[in-house]
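Enquirer: Give me the fold of what follows.
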Amino acid sequence: MAEAGVLRAAFAGQGPAEIVFVAQQCLESGAWDQALALCEAFEATNDPALLLCRAVATFVAGERQAALELVGRVRREQPAHLSALAVEAQMLARLGNRAGALGSLQSLLDRYPDYPGAQALLCSLVMPGPHYRAVLTELHARLKPKTYLEIGVESGATLALAQTAQIAVGVDPADVPVKHALPKSARLFREESDQFFRDHTRESVFGAHPVDLVFIDGMHRFENALSDFLHAERWASSASTIVFHDCVPLVARTAARERQSNFWVGDTWKVVLALAQYRPDLRIRTLLCAPSGLVVVRRLDPRASVLSERFLEIVSRFADLEWSHAPDALPPEFSPLPNDAGGLSDALR
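Expert: Next up is the predicted model:
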């Protein structure tokens, strides 16, 4: 390893940005000892980025408390320093300090919801366990639906899971190339869901069979999700299941009605609150799976009419509601469940 004097001579005339760049390359290649030596050789510069590189190298070297103290130096000078918040959250998470990591992530994501890796780390803390597609795979295996309806198909990743369905239908107006092998029974309707339900009857699409399983993953707007539900319920039976995606935002800005970030769930979460209030007969459970949960609705009633009769009232009532909940404190109406086999069993009761 080069001595401090040799390193300073090698980087003579170079600014902190060059030193940080090389230190980061050392870290990425696993040469944490070289990164540490480089950062220590230029510690007099007191550059925040260099301090954070040194903190990461120190943490990898096993000196956890010293690493956190280095991050703390940056935070004391610049409390809202984005990279310092990110590094602090990662360190605290690795040390098992969940509350501390959540606090740092919340501060970071409130300012920059698309900070690289931050949403993924937050999900791992709040919604550990299998990805939602893996949960959907298990749900299909348990329910073995003979009829399946999916609203919002995109590339076909979830429609491809309907392997037991004798009739599988996907509805999506966007003519996105299907990249996954769909079941032979699959049929695509390239139209908006409201148009689909206006133009077709259940019998014309599914014959005499009610829809056993519905997956709603369309427009990220409350009124669209609510409309999709009330139409789909009419095509279902009391034993059917309807599942919503994108109803569990972890950061307020990702839950806004208008898109403000790359990762965005929109205001579809309002449908859970509306159903809990206007349809207390339904059984609503939320599986906490990354990246934005799955809401499972059971005990359906195809004859129910309150949602259609009071649709405009419901939409107006929830229009201005904003998400104001901490990542690990969902409203009670969500009835959250752990993302494991027991949670899924509970959701399907």
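
Enquirer: where along this protein do the strands fall?
Expert: Secondary structure of the chain (DSSP state E): strands at 147-151, 167-171, 186-189, 211-216, 236-245, 283-287, 294-298, 336-337.

Enquirer: can you redo those as a markdown table with distance to residue 85, mean neighbour count and mean pLDDT?
Expert: All C-beta spots, glycine's among them, are computed from the backbone N, C-alpha and C. Listed next are these as a markdown table, based on distance: least, Cβ to Cβ, whole Å; neighbours: other Cβ atoms under 10 Å; pLDDT from 0 to 100:
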| stretch | distance to residue 85 | mean neighbour count | mean pLDDT |
| --- | --- | --- | --- |
| strand 147-151 | 37 | 27 | 98 |
| strand 167-171 | 41 | 24 | 98 |
| strand 186-189 | 44 | 17 | 96 |
| strand 211-216 | 35 | 25 | 98 |
| strand 236-245 | 29 | 20 | 98 |
| strand 283-287 | 28 | 21 | 98 |
| strand 294-298 | 29 | 24 | 98 |
| strand 336-337 | 26 | 20 | 98 |
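
Enquirer: Need those in TSV (columns: distance to residue 9).
Expert: TSV is the format used below for the strands of the chain (distance: least, Cβ to Cβ, whole Å):
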stretch	distance to residue 9
strand 147-151	64
strand 167-171	64
strand 186-189	66
strand 211-216	63
strand 236-245	57
strand 283-287	58
strand 294-298	58
strand 336-337	58
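
Enquirer: measure residue 6 to residue 58 for me?
Expert: Here the criterion is Cβ to Cβ, to the nearest Å. By it, residue 6 lies 21 Å from residue 58.

Enquirer: Residue 241 now?
Expert: 50 Å.

Enquirer: quick one on the thing from earlier: so if I had to pick from residue 6 and residue 58, which one is more boxed in?
Expert: Taking neighbours as other Cβ atoms under 10 Å, residue 6 and residue 58 compare with residue 58 leading, 23 against 12.

Enquirer: got the contact list for the residue nearest to the spatial centre of the chain?
Expert: Residue closest to the average C-alpha location in the chain (Cα atoms, centre = their mean): residue 291, at 2.2 Å. Applying Cβ atoms under 8 Å, 6 or more residues apart in numbering to residue 291 gives the contacts 119, 120, 123, 127, 131, 132, 263.

Enquirer: if we go to 6 Å?
Expert: Neighbour list for residue 291: residue 123 [criterion: Cβ atoms under 6 Å, 6 or more residues apart in numbering].

Enquirer: From residue 176, how far out is it?
Expert: Distance, residue 291 to residue 176, by Cβ to Cβ: 19 Å.

Enquirer: which residues are contacting the lowest-mean-pLDDT helix or strand in the chain?
Expert: When the helices and strands of the chain are compared on mean pLDDT, DSSP states H and E, helix 4-10 comes out lowest with a mean of 87. Under the contact criterion Cβ under 6 Å, 6+ apart, helix 4-10 has outside partners 38, 41.

Enquirer: one more time with 8 Å
Expert: 2, 37, 38, 40, 41, 42.

Enquirer: okay if I get those as a markdown table plus neighbour count and pLDDT?
Expert: As requested, these are exported to a markdown table (neighbours: other Cβ atoms under 10 Å; pLDDT from 0 to 100):
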| residue | neighbour count | pLDDT |
| --- | --- | --- |
| 2 | 13 | 64 |
| 37 | 20 | 91 |
| 38 | 26 | 90 |
| 40 | 15 | 89 |
| 41 | 20 | 90 |
| 42 | 20 | 89 |
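
Enquirer: and those, which two are the farthest apart?
Expert: 2 and 42 (12.5 Å; Cβ to Cβ).

Enquirer: Now residue 250: closest residue in space that isn't a chain neighbour?
Expert: residue 327 (4.3 Å; Cβ to Cβ, 6 or more residues apart in numbering).

Enquirer: Which positions within stretch 159-167 qualify as buried?
Expert: 159, 160, 161, 162, 163, 164, 165, 166, 167 (16 or more other Cβ atoms under 10 Å).

Enquirer: I figured residue 168 hits residue 158, correct?
Expert: No. Counting by Cβ atoms under 8 Å, residue 168 stays clear of residue 158, with 10.6 Å between them.

Enquirer: Which neighbours do these two have in common?
Expert: residue 150.

Enquirer: Put together TSV for the contacts of helix 4-10, with distance to residue 319 on each row.
Expert: Below are the contacts of helix 4-10 laid out as TSV (distance: Cβ to Cβ, whole Å):
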residue	distance to residue 319
2	63
37	58
38	55
40	56
41	58
42	54
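
Enquirer: Quick check: of those residues, which lies closest to residue 24?
Expert: For those, the nearest to residue 24 is residue 38 (10.2 Å; Cβ to Cβ).
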